[in-house]
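# here is my input, please return the structure:
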Amino acid sequence: MLKKIKSENFYKYFFYLFLFCLPLQTRKVFLTDYSFCTGDFTEYGTIFLYLSDALFALTIISFCLFNRFTFKKRLIELKTESAKSPKAIIFTLSVLLAAWSFMSAVANSQYLELTLFRSLKISEMILLAAFIYYTFKNQRFLINSLFIIILSGFFQSFIAIYQFIYQKSLFVSPFLHKITGETSLSPNLPGIAKITVDGEKMIRAYGTFPHPNLLGGFLILSIFISIFLYKQHNSDHLSSKYQHFRINNLKSQEHLISLFWFFIFMAQFLAIVISFSRSAWLGLIIGTSLYLILYAKYVAIVSRETIKNIDFKKYKDIIIPLLITLIVIIFNIKLISNRTYQDIDITSSTNEINLPQNDAFNDRNFFNNVSRETISRNLLLGSGPGTSIFQINSHLQGYKQKTKLEAWQYQPAHNIYLLSASEIGVVGFILFLLIIIKTLTIATKKIVSRETIYENKLLLISLISVMTSFLFIGFFDHYLWTLQQGQLIFWITTGMLLV
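So this is what the prediction gives:
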């Protein structure tokens, strides 16, 4: 018999759907005067309403309507919070960041339609982090939400592996293609991220994301949450989940659980490799290194004896998929090395203007220079949220040689720090940076504290590793600031760090 869903739980189910659908590009497009400003359609001049936006709105509405007591309780907590407490400071900084982005939007009235939309997106992400902070105090809701993230990660990994093996999109049906928003993929299509080996072009895995780099970023979050849940799967709450399989034999249950985690890790490890996202690879290595350091220092009692007595069989469900992934990498070392060193030796010495030429290093340098110049011209309020591509033509006017860029060459700076400072000004950038610093400070203090229980330390170590990976990626890519899925994973991590 189906269990009746209580109205006070509506927000939870909407949120679970929101998390699972986070990677989907299902959206309604609202064209603006700037949608074709580059000569072709551009994301950065257009307004979108994503399925994830609608599901999050339903989450908030249902929470406020059917959980009035909890909602009032959270408001009282907020009012009684000391103004000098770290979390109250973060709340104040977040409100100031949202307010400042709207001030920047109004000050740059030339692009008012776009700047107000981007300011609303910043406010939405701050609300998302606040919602997570106040609702994830419910342990069951927290664990369920983490499970949904890794299931979504597994689903995306399956799609990615299919795309790379068959070098085409998974969803051929127009209906499924529209529902998921999967990018149309083929080695012969222009504008698709590819690698080239021996003159042959191969598409990189996308999942349902708009770019492979975003797939890589999402998998970093999913992998570290998987590690946390794997280490916690013997806890009472997680053990009760496995009882749904109705397997009484303890050994059979253990085999089933082991198989479950094997496939989860195997799929995600392979998918992040075939995304061929160098920033995600390096971010994962940096995050993993930090995880091991923090775990060894603040959770495990490390000594020569404990190192000798490590039971590797205990972690076989992670180690075996990792070894298989390493074997796959070794057998495909040509693909990996080609992607690793691609563009590194390319220079634009023959190009006086140093325009983007589909060369990762020179392109980033060009876009970053546009942001630096924008900051110098609009130090206080910036050029307005979401207006970075409109500053490129102004930047080109400084060159003696006149030139016209192609549509694909209009991109934001591939650096979230320069990009945010150029769009919302130095004041907005400082507020954004302070929120990150204060959040990481609170989380680190909890890890160091002896009063923090083992499970909380483990989760915080995982999340700090994810955030560190994101902050590193932020030096080389813009999706954490500009694209829907990138913004969501960044602010979800921020919210969870505060719980």
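# now stretch 182-190, how far from the centre of its chain.
23 Å (CA atoms, centre = their mean, to the nearest Å).
# now the strands: where do they sit in the chain?
With DSSP state E as the definition, the chain shows strands at residue ranges 27-30, 47-50, 194-197, 200-203.
# what mean pLDDT does the longest helix along the chain have?
Ranked by residue count under DSSP state H, the longest helix found in the chain is helix 416-448. In this model, helix 416-448 has an average pLDDT of 96.
# now swap in stretch 487-497 and tell me
Here the average pLDDT along stretch 487-497 is 97.
# do the same with stretch 99-118
For stretch 99-118, the per-residue pLDDT averages 95.
# identify each buried residue in that stretch, please.
100-105, 107-108, 111, 113-118 (16 or more other CB atoms under 10 Å). (Glycine included, C-beta is placed from N, CA and C.)
# stretch 142-162 too?
142-150, 152-154, 156-162.
# also stretch 283-295?
For stretch 283-295, using 16+ other CB under 10 Å, the buried residues are Gly283, Leu284, Ile286, Gly287, Thr288, Leu290, Tyr291, Leu294, Tyr295.
# right, and the fourth one touches Thr468 too?
Yes - the pair Gly287 and Thr468 passes the contact test of CB atoms under 8 Å, sitting 5.6 Å apart.
# what pLDDT does Arg278 get?
Looking at Arg278, the pLDDT reads 93.
# residue contacts, it?
Taking CB atoms under 8 Å, 6 or more residues apart in numbering, we find Arg278 in contact with Arg339, Thr340.
# just give the nearest non-adjacent residue to Leu96, would you?
Distances taken as CB to CB, 6 or more residues apart in numbering place Leu431 nearest to Leu96, at 5.4 Å, with adjacent residues excluded.
# against Asn213, how distant is Asp40?
According to CB to CB, to the nearest Å, Asp40 stands 21 Å off from Asn213.
# low-confidence regions, the stretch 201-350 of the chain specifically.
233-250, 301-313, 341-350 (pLDDT under 70).
# which parts of it are helices?
212-231, 236-242, 250-274, 278-298, 304-308, 316-331, 333-341 (DSSP state H, counting those that start in this stretch).
# mind listing what's buried in the third one?
Buried residues in helix 250-274, counted by 16+ other CB under 10 Å: 253, 257, 260-262, 264-274.
# circling back: can the buried residues of stretch 283-295 go into JSON lines with extra columns for distance to Val427?
Below are those laid out as JSON lines (distance: CB to CB, whole Å):
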{"residue": "Gly283", "distance to Val427": "28"}
{"residue": "Leu284", "distance to Val427": "33"}
{"residue": "Ile286", "distance to Val427": "29"}
{"residue": "Gly287", "distance to Val427": "30"}
{"residue": "Thr288", "distance to Val427": "35"}
{"residue": "Leu290", "distance to Val427": "30"}
{"residue": "Tyr291", "distance to Val427": "34"}
{"residue": "Leu294", "distance to Val427": "33"}
{"residue": "Tyr295", "distance to Val427": "37"}
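# what's the closest of those to Gly382?
Set against Gly382, the nearest of those by CB to CB is Gly283 (26.6 Å).
# give the closest residue to that closest one in space, chain neighbours not counted.
Ser469 (3.6 Å).
# counting neighbours, what do you get for that neighbour?
Per other CB atoms under 10 Å, the neighbour tally for Ser469 reads 28.
# thinking again about what came up before, out of the helices of the stretch 201-350 of the chain, nearest to Ser383?
Comparing those by CB to CB, helix 212-231 comes nearest, at 24.2 Å.
# quick one: that closest one to chain centroid distance?
9 Å.
# next, the angle helix 250-274 makes with that helix.
160 degrees (axes from the mean of the first three to the mean of the last three CA atoms, to 10 degrees).
# does anything pack onto helix 212-231? Which helices or strands?
Judged by 3 or more CB pairs under 8 Å, 6 or more residues apart in numbering; DSSP states H and E, the packing partners of helix 212-231 are helix 139-166, helix 250-274, helix 278-298, helix 316-331, helix 454-473, helix 479-482, helix 484-498.
# give me the angle between that helix and helix 278-298.
Going by the same axes, to 10 degrees, helix 212-231 makes 20 degrees with helix 278-298.
# start at 33 instead
OK, 33 is where the count begins now, so the last one is helix 244-263.
# what angle separates helix 244-263 from helix 348-363?
Going by the same axes, to 10 degrees, helix 244-263 makes 150 degrees with helix 348-363.
# separation between the closest residue in space to Ile121 that isn't next to it in sequence and Asn410?
Counting by CB to CB, 6+ apart, Lys470 is the residue found nearest to Ile121 once chain neighbours are left out, at 6.1 Å. Using CB to CB, we find Lys470 at a distance of 26 Å from Asn410.
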